[in-house]
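K.L.:
Fold the following, please.
(4 chains)
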Number of protein chains: 2
Amino acid sequence: MNHFDMQLSPPSRRESGKRIARTHAALLDALLLLLEEKAFEQITVKEITGRAKVGYATFFRRYPDKEALLHDLAAQEIQNLLTMTLPIFHTADTTASTQALCAYVWKHRKLWRALLTGGAAATLKEEYLRLALQVAEQQIDSDAWLPVDLAVRFSVTALVETLSWWLIHDAPPNVEAMAGIVNRLAVQPVFSPAD
Amino acid sequence: MNHFDMQLSPPSRRESGKRIARTHAALLDALLLLLEEKAFEQITVKEITGRAKVGYATFFRRYPDKEALLHDLAAQEIQNLLTMTLPIFHTADTTASTQALCAYVWKHRKLWRALLTGGAAATLKEEYLRLALQVAEQQIDSDAWLPVDLAVRFSVTALVETLSWWLIHDAPPNVEAMAGIVNRLAVQPVFSPAD
DNA sequence: ACAAATATGATTCACTGTGTATCATTTATT
DNA sequence: AATAAATGATACACAGTGAATCATATTTGT
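P.N.:
Prediction:
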């Protein structure tokens, strides 16, 4: 580590966690920090490793490329979001589900702002869409006037777009108001019966 | 021109138009062709100039970068689409406007498929959104429950998404059916009154 | 505490793509 | 025909990606 270690902490009793884990976390943290500053595409591996105080080559020992690191960062959060999204399509009253969803996103707004408002958004949305389509094929029973795959694609897109707007807005609506908006824009249109 | 020109057309009497125009058109055509094959980001300037049978350096004499060429290709079409979109927000019956919009896109579906289904889509949407927001600030009077900028962003996003789905779909709905879907998903939700 | 296994740091390399510069050649203009 | 402009071809500097290598630091098993 650095030259000041002997002053900052006892060399004899270091962090007992594995070095791998520390490097791993350092890379994830660095990407998250950088995502708050600039778009994903503009971030270089050199910047990530520099911010993480990790060797350049070390990056490629763990991840094949930038996208893999992003996926690693986002995978669990995406799964969580999807889990909170699905009940919407099984309940008559969608209000409760959308409120829970918005509350969750608001709670983790720092992370989601980084994920949704940079260049990472496209990748994130694709992953989210992929998972959602898998589930939808088996579970969701859409009205005939709207093909299921389009319904899912529309809802996911509208959800991501409205949430992105929410998270970058100067004076954002509270959770309840936002849930109402999400419900009207991303959920209800799919359920509206045909003429 | 290729090596068979001497067999196909007299070398002594070439196209009389300016050389600039020919190069210009060749670059635009090449990008359009490539957009039908792969995403915009994956297309290199070398590929464009190769396809256009134009010198590599020539590209940079006309455009500062790839994005400028894309913008040049799309600018007029975007303006046209916006012009067809706007009446939707000034008429009580939105059906006629969405039908006209879908008919226009279907008529130029080859171009729009290339523009909307590749990596160019994000840039296109941003440009479309920018123009739409300019107009909306002055003209559109949204319901209080939905901020104007979110309404515009939502409608543009939903429109782009539904149209993209339409243009890549195997057995796409006809113009009338698609206009109905667009109306329900991208237009009506913005106009729905609050509870 | 010690030795073996492993993770890392630092550096180098080949490769791809961008954008600029130069100069000879082709095309357009008059 | 003479001049001006556009182009082709090429070389170049630069940035970024991944792979490879070797010495060093750290962890793990005993």
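
K.L.:
Flag the shaky bits of chain A, pLDDT-wise.
P.N.:
Across chain A, the ranges flagged by pLDDT under 70 are A:1-17, A:139-143, A:192-195.

K.L.:
A:Gly50 versus the residue of it found nearest DNA strand D, what's the distance?
P.N.:
Nearest residue of chain A to DNA strand D, counting by C-beta to the nearest atom of the strand: A:Ala57, 3.2 Å away. C-beta: built from backbone N, CA, C; applies to glycine. Distance of A:Ala57 to A:Gly50, computed by C-beta to C-beta, to the nearest Å: 13 Å.

K.L.:
same question, A:Thr157
P.N.:
From A:Thr157 to A:Gly50 the distance is 35 Å (C-beta to C-beta).

K.L.:
okay, the two: which has more neighbours?
P.N.:
Under the criterion of other C-beta atoms under 10 Å in any protein chain shown, the comparison of A:Thr157 against A:Gly50 puts A:Thr157 first, with 23 against 14.

K.L.:
list the contacts for the more buried one?
P.N.:
The contact partners of A:Thr157, by C-beta atoms under 8 Å, 6 or more residues apart in numbering or on different chains, come to A:125, B:157-158, B:161.

K.L.:
Counting neighbours, which of those end up buried?
P.N.:
Neighbour-count burial (16 or more other C-beta atoms under 10 Å in any protein chain shown) is assigned, among the contacts of A:Thr157, to A:125, B:157-158, B:161.

K.L.:
correct me, but A:Asn80 touches A:Tyr104?
P.N.:
Yes. Counting by C-beta atoms under 8 Å, A:Tyr104 is a contact partner of A:Asn80 at 7.1 Å.

K.L.:
And these two? Which one has more around it.
P.N.:
Each of A:Asn80 and A:Tyr104 has its neighbours counted (other C-beta under 10 Å); A:Tyr104 has more, 18 against 13.

K.L.:
Isn't that one up against A:Thr85?
P.N.:
No. Using C-beta under 8 Å, A:Tyr104 is not in contact with A:Thr85, being 9.9 Å away.

K.L.:
tell me how far the ends of stretch A:83-103 are from each other?
P.N.:
One end of stretch A:83-103 to the other measures 14 Å (C-alpha to C-alpha, to the nearest Å).

K.L.:
which parts of it are buried?
P.N.:
Buried, per 16+ other C-beta under 10 Å, within stretch A:83-103: A:84-86, A:88-89, A:94, A:97-102.

K.L.:
Check which helix or strand A:His24 maps to.
P.N.:
Using DSSP states H and E, A:His24 sits within helix A:19-35.

K.L.:
What is the neighbour count of A:Ala39?
P.N.:
For A:Ala39, the count of nearby residues is 13 (other C-beta under 10 Å).

K.L.:
Break chain A into its domains for me.
P.N.:
A:16-63, A:67-191 (automatic domain parsing).

K.L.:
does A:Gly118 really touch A:Leu31, like I thought?
P.N.:
No. Counting by C-beta under 8 Å, A:Gly118 does not reach A:Leu31; the two are 10.4 Å apart.

K.L.:
Those two - which one has more neighbours?
P.N.:
Between A:Gly118 and A:Leu31, counting by other C-beta under 10 Å, A:Leu31 is the more crowded of the two (24 against 21).

K.L.:
Can you verify my assumption that A:Glu176 contacts A:Ala96?
P.N.:
No. At 11.4 Å, A:Glu176 does not count as touching A:Ala96 under the criterion of C-beta under 8 Å.

K.L.:
re earlier: residues near the residue of chain A closest to DNA strand D, how many?
P.N.:
9.

K.L.:
where's it relative to A:Thr49, distance?
P.N.:
Distance of A:Ala57 to A:Thr49, computed by C-beta to C-beta: 9 Å.

K.L.:
Check A:Glu176 too.
P.N.:
From A:Glu176 across to A:Thr49, the span is 42 Å (C-beta to C-beta).

K.L.:
who's more crowded, these two?
P.N.:
Per other C-beta under 10 Å, whichever of A:Glu176 and A:Thr49 has more neighbours is A:Thr49, with 20 against 12.

K.L.:
can you pull the contacts of the more buried one?
P.N.:
So A:Thr49 contacts A:27, A:30, A:55-56, A:58-59 (C-beta under 8 Å, 6+ apart).

K.L.:
how many other residues sit next to A:Pro189?
P.N.:
22.

K.L.:
which SSE is it in?
P.N.:
Applying DSSP H and E as the criterion places A:Pro189 in helix A:188-191.
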